[in-house]
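*Asks:* Sequence first, then the predicted structure:
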Amino acid sequence: MSRVINPDSAGKQRNLLSRSIIGALRELMMQPEPNETAHDAAAYIVLALQEISSTVETSVQAWEKRGYWVKADRFRMEWDWAGRLAEQMKQALLVEDWAMIAGLVTQIAGKLSSVKVTPRSRIGTPWVGAWKQFQSSL
C-alpha cells in the first residue's frame, strides 16, 4: 500500500494562517483610527493565532508517538507565543485598548518576520467579517 498524504496538514495550515496574519497586520497598521476594518483585522489576528496554537499539538503528536520528546518540546516552545499573544490581544480587543493592541501587533510582526508574503500570494482579505465571528465566539 502507498502512503496516505494529507494535503491539508497542520504545517500547511500554519503557513497559510501566518501569511494571512501578515496581511491583516498590514491592513491594521494602515488604519488611521479604530474603525470597522481595524476591528475586523484585529479580531482576525486573534482567531488566526488561536487556530495556529491549536495546530501545534497535532504536529507534535507524531513526534511523541515515535519518542522524539526533545523535538516535540522544542516545537511547542517555538510556537508558545501564538497562544499567549492571542489571549493578550483578545483581552485588549475586548476593552478596546488600541495602545496595547499596537504593542502586541509589533510583537506578532516580529515573531512572523521570516514569513514572506509576495503580491502574488493570493491571500485575499480573510479578515472581513472576523469581528462578528469574534464577538459570537465569546
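*Replies:* Nice, I can see it. Residues are numbered from 1 along each chain as shown.

*Asks:* Low-confidence ranges, this protein, go.
*Replies:* Low-confidence segments of the chain (pLDDT under 70): 1-7.

*Asks:* Mind giving me the packing neighbours of the top helix by length along it?
*Replies:* Ranked by number of residues, the top helix in the chain under DSSP state H is helix 36-65. Applying 3 or more C-beta pairs under 8 Å, 6 or more residues apart in numbering; DSSP states H and E, one finds that helix 36-65 contacts helix 10-30, helix 69-94, helix 98-111, helix 130-136. (C-beta placed from N, C-alpha, C; glycine too.)

*Asks:* Out of those helices, which one sits most buried?
*Replies:* helix 10-30 (a mean of 18; mean count of other C-beta atoms under 10 Å).

*Asks:* center of the chain - which residue?
*Replies:* A centroid search over the chain (C-alpha atoms, centre = their mean) returns residue 49, at 2.9 Å, as the residue closest to the centre.

*Asks:* and that one, what does it touch?
*Replies:* 21, 82-83, 85-86, 89, 108 (C-beta atoms under 8 Å, 6 or more residues apart in numbering).
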